[in-house]
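Novice: when you get a sec, could you give me coordinates for this:
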Amino acid sequence: MLNLSNVKVDIQGSRILNGITLSVGAGELVCLVGRNGAGKTTTFRSIMGYRKIKSGEITFDGLDLTAMQTWQIAQSGIGFSPEESEVYADLTVAENIELSTWTRPKGRPAEQRIEEAYQVFPKLRQYLARGGAELSGGERKMVSIARALTLDPQLLLLDEPFEGLSPAIIPVIAEGVASIRAMGKGVLMAESNVHHIPDYVDRIYVLERGELMFSGTLTEAHRDRDVMRVIAGEVEAAS
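Specialist: Below is the predicted model of the structure:
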C-alpha cells in the first residue's frame, strides 16, 4: 500500500532524510527502528504531508501523497498516532475516539468504526465519560490509537507507541497492535528500543543519521552485530 522511494528531506538547510526507501503492505507490521534523532518522526511527518520532501516519491495505493494536503492524506486512508499522544482535555474519552468519524464521514458507519476501536482496546470502555485531562500516559496512548482507528484507515502510522509507558501497559498496547494487524490493516511503527519490537513483526528497517542501514527480519537484525550495536547506542554508525 505505502511506498517510499529515495525520499530526501531537508530542514533549515540540513539533510535529515537521505534516500529513504521502504514499503508497507496490507496486513503487515513494519517497524522503522532507530535512535532518537535518526529521522523516524521526520519520515512519518513527511508521509502525512507536514514536511515537504526535497526529492523522491511517496505513494499510497497509487496516490502521490506529495501532491496532497495533510487532511487529504488522512481521508485517503492513513491514520496517524503521534508520539505525544495528545488528547482533547475538554472532551471525554468517548468524544475523543468519535472525533475522527466526524472528520471522515464517508465509508463504514461510525458505530462500526467505534466498536472496532473498543474491540482493540476494551479497557477504554471503563473510561468513556472520563475527561481527557484525567488520563494516564498509557490511557492517552490507547485513546490516540483508537481515535486514529475510527478514521477507518487502511494504514496506521504509530510513532513510538511504547515510549514512556510503564512495563504493565506495554503488553496491552502490543496486543492492540496485533489486533489491528489481524484486521488486515497495514501498520508502520517507529521504535527506538529494539526490545519493544513485537516478535510478530514482518519486517524492520533500521534508520541511522537519516539513512537506512538495514532492511530485513527481526531475526536477521539480531544476528547482525553492527546493527544491534547501533540500535543500542553503543557505537557511532560509520559515516
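Novice: how about the lowest-mean-pLDDT helix or strand in the chain: buried residues?
Specialist: When each helix and strand of the chain is scored by mean pLDDT, DSSP states H and E, helix 225-231 comes last, with a mean of 81. For helix 225-231, burial by neighbour count (16 or more other C-beta atoms under 10 Å) applies to Val227, Val230, Ile231. In short, each C-beta sits where N, CA and C put it, glycine included.
Novice: Met228 contacts Val194, doesn't it?
Specialist: Yes. With contacts counted by C-beta atoms under 8 Å, Met228 reaches Val194, the gap being 7.0 Å.
Novice: so what sits against both of those two?
Specialist: Counting by C-beta atoms under 8 Å, 6 or more residues apart in numbering, the contacts common to Met228 and Val194 are Ala221.
Novice: number of residues surrounding Asp159?
Specialist: 22 (other C-beta atoms under 10 Å).
Novice: now do the contacts for it.
Specialist: Contacts for Asp159 (C-beta under 8 Å, 6+ apart) come out as Lys40, Thr41, Phe44, Phe80, Ser81, Pro82, Glu83, Met189, Ala190.
Novice: run through the bridge partners of the residue nearest in space to the middle of the chain.
Specialist: The centroid of the chain falls nearest to Leu158 when counting by C-alpha atoms, centre = their mean (1.8 Å). With DSSP bridges applied, Leu158 shows beta-bridge pairing to Ser81, Met189.
Novice: which residues touch the closest residue in space to Met68 that isn't next to it in sequence?
Specialist: With sequence-adjacent residues excluded and distances taken as C-beta to C-beta, 6 or more residues apart in numbering, Met68 is closest to Gly49, at 6.2 Å. Gly49 sits next to Leu65, Thr66, Met68, Gln69, Thr70, Gln72, Ile73 when contact means C-beta under 8 Å, 6+ apart.
Novice: switch the cut-off to 10 Å
Specialist: Gly49 sits next to Ile58, Leu65, Thr66, Ala67, Met68, Gln69, Thr70, Trp71, Gln72, Ile73, Ala74, Ile78 when contact means C-beta atoms under 10 Å, 6 or more residues apart in numbering.
Novice: wait, doesn't the second one sit right on Gly56?
Specialist: No. Contact status for Leu65 versus Gly56: not in contact, 11.1 Å apart, counting by C-beta atoms under 10 Å.
Novice: shared neighbours of the two, which are they?
Specialist: Leu4, Ser46.
Novice: all the helices of the protein, residue numbers only.
Specialist: 40-47, 70-75, 93-103, 110-120, 137-149, 170-182, 218-223, 225-231 (DSSP state H).
Novice: which elements pack onto the third one?
Specialist: Using 3 or more C-beta pairs under 10 Å, 6 or more residues apart in numbering; DSSP states H and E as the contact criterion, the neighbours of helix 93-103 among helices and strands are helix 70-75, helix 110-120, helix 137-149.
Novice: list the buried ones in the longest one?
Specialist: When neighbours are counted by 16+ other C-beta under 10 Å, the buried residues of helix 137-149 are found to be Gly138, Glu139, Arg140, Lys141, Met142, Val143, Ser144, Ile145, Ala146, Arg147, Ala148, Leu149.
Novice: out of these, who's nearest Ala26?
Specialist: Checking the buried residues of helix 137-149 against Ala26 with C-beta to C-beta, the nearest one is Leu149 at 15.6 Å.
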